[in-house]
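*Asks:* Give me the fold of what follows.
(chains A and B)
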Amino acid sequence: MESPSTVASASIGRRELLLWIVGCLFANQALLLLDVVSFDAFAASLLTQNDIYWLACAVTLYRLSLSDPVIRADRLDCALALALGALILFTSFLPYRFGIGLLATIVALYLLMLDHGDRNLKAAGGVLLAVSTQLVWGPIFFQLFTPELLKADAALVGTALMALRPDVVWSGTAFFAPDGHAVWLIAACSSFNNVSSAVLACVAVTMLRRNEWVRRDIETIVIASVAMILVNSLRICLFVWSIDYRLFWHDGAGAQILAIAQTLVVLAIAWWGAAPSRRMS
Amino acid sequence: MSKVVVRGISVLILLLTVAVRFQADRTRQTMMSEFDAGRGIADVLRSHGLQLGENPVKPPKLLSVVIYFQRPECDRASLVFPYFINAEAEPLLAHVTEPGFERYFYYMDSSWREQHRVSMFLEWAKYAVLDLLGASPYVPVKTAIVLADPPNCRPVDVIDWRMLWAKTHRDPVSAGDGVASKAARS
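*Replies:* Below is the predicted model:
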C-alpha cells in the first residue's frame, strides 16, 4: 500500500499544471503574433513586436513559477486543465486572436479567484488578465468607439496646433497645412493602443517587482497613460508640421525612434511607480 | 493525477495545438495575400462592361486605392474606395467626393447607406465562423468598399458587389448566383 507522501510526490503539483496551461496559451498566442512562414519573415516580425506584451508574458510565467510548489493539483484544477486543453485545440482551428485571448481571460479569472491565498498566483492572474485585455478586449472596445477616440485625439492635436501652427486648418479628424500637405487620422493613429500598452507595462512591471497592489499604483497607471497620450499627440503634430517631418517621423527612421522612446518612457514610469521606496511613502 | 500522465497529455496538447494553429495561420495568410481588393473591384467593373478611369493619386498615399469608373448614363465618374472595416472611411471619402454624391457601403452580402463598423464586424464574424466549417461563400477578409455615385446619376446597370468577396471570384459570371439576398446589389 502506498503511503500518502508517495501519492503526493507522484501526483502533479498545482504550480506545474498551471505552468503547462499558461505555457500552452502563450505558445499558441506567439504563433498569432509572429510570422513563421520563413526565417526572413520571422526575423522581420520580431522587429515589430510589442516588447511590453512579451515582458508581461514573462512576468506571468515568473510569478507562476514562484507560487507554492507543495500544493497538489486538485480535481477542479485537473478538470480546468482538461477543458482548457480541449478548448485550446478547438481554437487552434481559428486563425484569430479572439479565441486564445478569451481562454487567457478565463485562466486569469481562475487564478485571481482561486488563488488559495497564494499572492504569486494572484499576481500572475492580474498580469494575464492585462495580457488578454491587450489582445482581445481592448481591440473590441476600440472597434466600437474608434470615431469617438479619434476625435478626442484630433481635439488634443488641434488645440496644440492652434497655438503652435495657427496656419494649419483643423477639420474633424483632418489637418490641412497651407502648402497642401494634409493628414487624416485613421485608427492606427489613435493613442488608444499606446494607453493599452501603458496599462500593460504598469501591471507587468509592478507585478515583476512585487506581488501585491497598493492604491498608488492607480496613479502610476494614470501618469503613464497621460504620458502616452501626450507623446502620441506630439507624434501627430510632427506629421502635420510638414511633409518632410511626416516622411521622417511616419515612414522613416523617426518611426522607430518614437516607438523606442515611447517604450522607454512608459517602462521608466512603471518602474518608478513600482519602486519600494515610493510604495512606503 | 499522475505526473507522468499529465506531462504526457500536456506535451501532446501543446504540440498538437501549435501544429494545427500553424497550418490554420498559413491558410489564412495565403487567403489574405491572394485577396487583392483593387484588382477584384476592377474585375467586377469590367465584367459589367464599365470603363475604368485613372486615379491621379499615386501610392503610397492612402487615396491611391480609389478606383474611378464611368457609368454611361452619368456625366461624371463614380468611384469605389476599398477600406479596412474598422477604418474611418468618411474623412477620406469626403476628400475624393463632393457634396451630393450618393454613397453606398458594401461588405459581403450586406449594404448600408452609412458606415456601420459594428454591423460589418458582426458580418465578418459570421462568415469567419462559417469559413471554419467550409460553409462560407465569401473570403472573410476585413476589407469593405464604399461606392460613390455623382449627383443626379441614376445607374441602370446593377452591379453585384458580392462577387468581390466570393470564393469563386476568379469566375465572376458564376460568383453571384444565388449566394444570398439582393442587399449587395446596386
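*Asks:* For the stretch 151-281 of chain A, give me the ranges with low pLDDT.
*Replies:* A:277-281 (pLDDT under 70).
*Asks:* Tell me the residues of it that contact chain B?
*Replies:* For the stretch 151-281 of chain A, the contact set with chain B under Cβ under 8 Å from any Cβ of the partner chain comprises A:G172, A:T173, A:A174, A:A182, A:W184, A:L185, A:I186, A:A187, A:D251. C-betas here are computed from N, CA, C, even on glycine.
*Asks:* which residues touch the second one?
*Replies:* Applying Cβ atoms under 8 Å, 6 or more residues apart in numbering or on different chains to A:T173 gives the contacts A:L150, A:K151, A:D153, A:A154, A:W184, A:L185, B:E88, B:P91.
*Asks:* just the third one next, same as before
*Replies:* For A:A174, the contacting residues are A:A154, A:A182, A:V183, A:W184, A:L185, B:P91, B:H95, taking Cβ under 8 Å, 6+ apart as the criterion.
*Asks:* how about the strands of chain B, start to end?
*Replies:* With DSSP state E, the ranges of strands along chain B come out as B:51-52, B:67-70, B:78-84, B:102-107, B:110-112, B:143-149.
*Asks:* Show me which residues of the helix or strand harbouring A:A58 are buried.
*Replies:* When elements are assigned from DSSP states H and E, A:A58 belongs to helix A:51-65. Within helix A:51-65, the residues scored as buried using 16 or more other Cβ atoms under 10 Å in any protein chain shown are A:I52, A:Y53, A:L55, A:A56, A:C57, A:V59, A:T60, A:L61, A:Y62, A:R63, A:L64.
*Asks:* For whichever helix or strand comes after it, what is the distance to the chain centroid?
*Replies:* Under the assignment DSSP H and E, the closest C-terminal helix or strand after helix A:51-65 is helix A:75-91. On the basis of Cα atoms, centre = their mean, to the nearest Å, helix A:75-91 sits 24 Å off its chain's mean C-alpha point.
*Asks:* can you tell me if helix A:75-91 touches chain B.
*Replies:* Yes. Shown here: helix A:75-91 in contact with chain B (Cβ under 8 Å from any Cβ) through A:C78, A:A81, A:G85, A:I88, A:L89.
*Asks:* coming back round to it: biggest separation within the residues of the stretch 151-281 of chain A next to chain B, which pair?
*Replies:* Distances among those were taken as Cβ to Cβ; the most separated pair is A:G172 and A:D251, at 23.6 Å.
*Asks:* that older thread, what is the nearest of the buried residues of helix A:51-65 to A:V136?
*Replies:* A:Y53 (12.5 Å).
*Asks:* I'd assumed A:V131 was in contact with the closest one.
*Replies:* Yes. Look at A:Y53 against A:V131 with Cβ atoms under 8 Å: they come within range, at 6.9 Å.
*Asks:* Overlap in contacts, these two.
*Replies:* In contact with both A:Y53 and A:V131: A:L200, using Cβ under 8 Å, 6+ apart.
*Asks:* In chain B, what helix or strand scores lowest on average pLDDT?
*Replies:* helix B:172-175 (a mean of 40; mean pLDDT, DSSP states H and E).
*Asks:* show me where the chain has helices.
*Replies:* I'll assume chain A. Ranges of helices in chain A, per DSSP state H, are A:4-10, A:14-33, A:39-47, A:51-65, A:75-91, A:97-113, A:119-132, A:138-164, A:192-209, A:216-241, A:243-246, A:253-273, A:276-280.
*Asks:* ah, no, chain B please
*Replies:* B:3-34, B:37-47, B:89-96, B:117-132, B:172-175.
*Asks:* how about the ones you listed in TSV, adding mean neighbour count and distance to chain A?
*Replies:* Output for those, formatted as TSV (neighbours: other Cβ atoms under 10 Å in any protein chain shown; distance: least, Cβ to the nearest Cβ, whole Å):
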stretch	mean neighbour count	distance to chain A
helix B:3-34	15	4
helix B:37-47	18	16
helix B:89-96	17	5
helix B:117-132	17	6
helix B:172-175	15	24
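*Asks:* Any chance of CSV for those helices, columns distance to A:I71?
*Replies:* Listed next are those as CSV, based on distance: least, Cβ to Cβ, whole Å:
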stretch, distance to A:I71
helix B:3-34, 14
helix B:37-47, 54
helix B:89-96, 54
helix B:117-132, 38
helix B:172-175, 59
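*Asks:* re the thing from before, please pick the buried ones from the residues of the stretch 151-281 of chain A next to chain B.
*Replies:* If we count by 16+ other Cβ under 10 Å, those have these buried: A:G172, A:T173, A:A174, A:A182, A:W184, A:L185, A:I186, A:A187.
*Asks:* count of neighbours near B:N152?
*Replies:* 10 (other Cβ atoms under 10 Å in any protein chain shown).
*Asks:* in the stretch 1-150 of chain A, what spans have low per-residue confidence?
*Replies:* Across the stretch 1-150 of chain A (using pLDDT under 70), the flagged ranges come out as A:1-10.
*Asks:* got the residues of it near chain B?
*Replies:* So the stretch 1-150 of chain A meets chain B at A:10-12, A:16-17, A:20, A:23-24, A:27-28, A:31-32, A:36-37, A:73, A:78, A:81, A:85, A:88-89, A:92-96, A:142-144, A:146-147, A:150 (Cβ under 8 Å from any Cβ).
*Asks:* Quickly note the distance from the residue lying closest to A:F239 once chain neighbours are set aside to A:I236.
*Replies:* Nearest-residue entry for A:F239: A:R246, 4.6 Å, with adjacent residues in sequence omitted and distances by Cβ to Cβ, 6 or more residues apart in numbering or on different chains. Taking Cβ to Cβ, to the nearest Å as the criterion, A:R246 is separated from A:I236 by 10 Å.
*Asks:* what's the most distant pair in the residues of helix A:75-91 next to chain B?
*Replies:* Pairwise distances across those peak at 16.8 Å for A:C78 and A:L89 (criterion: Cβ to Cβ).
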